[in-house]
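Engineer: Give me a model of this one.
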Amino acid sequence: MDLGLENRTVLVTGAGQGIGRAIALAFAREKARVAVNDVSAERAEAVAGEIVGTGAEALACPADITRYEAVQDMVRVVLERFPTIDVLVNNAGVGDQGKLFLDQRPSDWERVLGIGLMGAIHCNHAVAEYMVAQGRGKIISIASDAGRVGEPRMTVYSASKAGIIGHSKALAKELGPRGITVNVVSPGATETETTLARRKDRERAMGEEKARDLLQKMLKAYPLRRFALPEEIADMVVLVASRAADYMTGQVISVSGGYCTA
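Structural biologist: Predicted coordinates for the structure are as follows:
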């Protein structure tokens, strides 16, 4: 099936590792041009190098998306290299690091909301201006089922992802008449470097047996009895970006092994 992504330009934020890296590589396989954003220049360049190694075009564009001016500069850099930005994928985000809400401080909230919510809003504003001028475009944000059901020890992260969902639904109504679709892909727990590191931390803190029992208890909330792989999230993002989803906007697609059915 031709997804219609060849020679399209895709900007992916937080693409230096985890789900973002998998998304960037998935678009490269469809012969899209990929602009790889990450706050770390080293990670952005490494993933861009991987993409170029596959024969696709890529551009490393490191930027701190919590700063609107930095986002504007990043968008200008992308458009100096590529003729359009056809797809924006807001993937960058950071969690609550397992802290209870009352153990957090404003600096914790500012980081989570600054990257996960305001970063996406900054990118949407900067990129939508160009998409409106070209009369088409697709915006896809990575939320989380934590934003749909709420998760303890992820209170502000849950708020940031709920904010992404509300913002995207509203933006879909504003931008639809201008030829731009806005959708959300909402993963559940996913096997990334970050989640695997946290699992190791639990094993050290609790002991391997107790940590293993806790993991099995967590998996019972997932009908498929496993967590997602980053590539499985990436596949859905590519599908939403493709011509197969041209008539879909304002939607939240849960890719969570059945964890959230609401």
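
Engineer: ok, and what's touching the helix or strand that contains V10?
Structural biologist: Assigned by DSSP states H and E, V10 belongs to strand 9-12. If you take Cβ atoms under 8 Å, 6 or more residues apart in numbering as the criterion, strand 9-12 is touched by 20, 23-24, 27, 32-37, 61, 75, 78, 82-89, 91, 123, 127, 241. The way it works is simple: take the backbone N, C-alpha and C, and place the C-beta from them, glycine included.

Engineer: ditto for stretch 64-83
Structural biologist: Stretch 64-83 is contacted from outside by 9, 11, 13, 33, 35, 37, 39, 57, 59, 61, 63, 85, 92, 114-115, 118-120, 122-123, 125-127, 130, using Cβ under 8 Å, 6+ apart.

Engineer: same thing with stretch 222-237?
Structural biologist: By Cβ under 8 Å, 6+ apart, stretch 222-237 touches 18-19, 21-23, 25-26, 89, 140, 142, 185, 187-192, 195, 219, 253, 255-259.

Engineer: Can you give me the pLDDT of L25?
Structural biologist: Looking at L25, its pLDDT reads 98.

Engineer: buried residues in the strand or helix carrying it?
Structural biologist: L25 belongs to helix 18-29 when assigned by DSSP H and E. Across helix 18-29, burial judged by 16 or more other Cβ atoms under 10 Å covers G18, I19, G20, R21, A22, I23, A24, L25, A26, F27, A28.

Engineer: thinking again about what came up before, check the offset of the strand holding V10 from the chain's centre.
Structural biologist: Between the centre of strand 9-12 and the centre of its chain there are 12 Å (Cα atoms, centre = their mean, to the nearest Å).

Engineer: ok so, going back, among the contacts of strand 9-12, which ones are buried?
Structural biologist: 20, 23-24, 27, 32-37, 61, 75, 78, 82, 84-89, 91, 123, 127, 241.

Engineer: For the closest residue to R29 other than its chain neighbours, give me its contacts.
Structural biologist: Sequence neighbours aside, T54 is the residue nearest to R29 in space, at 7.1 Å (criterion: Cβ to Cβ, 6 or more residues apart in numbering). Neighbour list for T54: L25, A28, R29 [criterion: Cβ under 8 Å, 6+ apart].

Engineer: Can you spell out which helices and strands pack onto the strand or helix carrying V182?
Structural biologist: Using DSSP H and E, V182 falls within strand 180-187. The contact analysis (3 or more Cβ pairs under 8 Å, 6 or more residues apart in numbering; DSSP states H and E) places strand 180-187 against helix 119-134, strand 137-142, helix 155-175, helix 230-241, strand 252-255.
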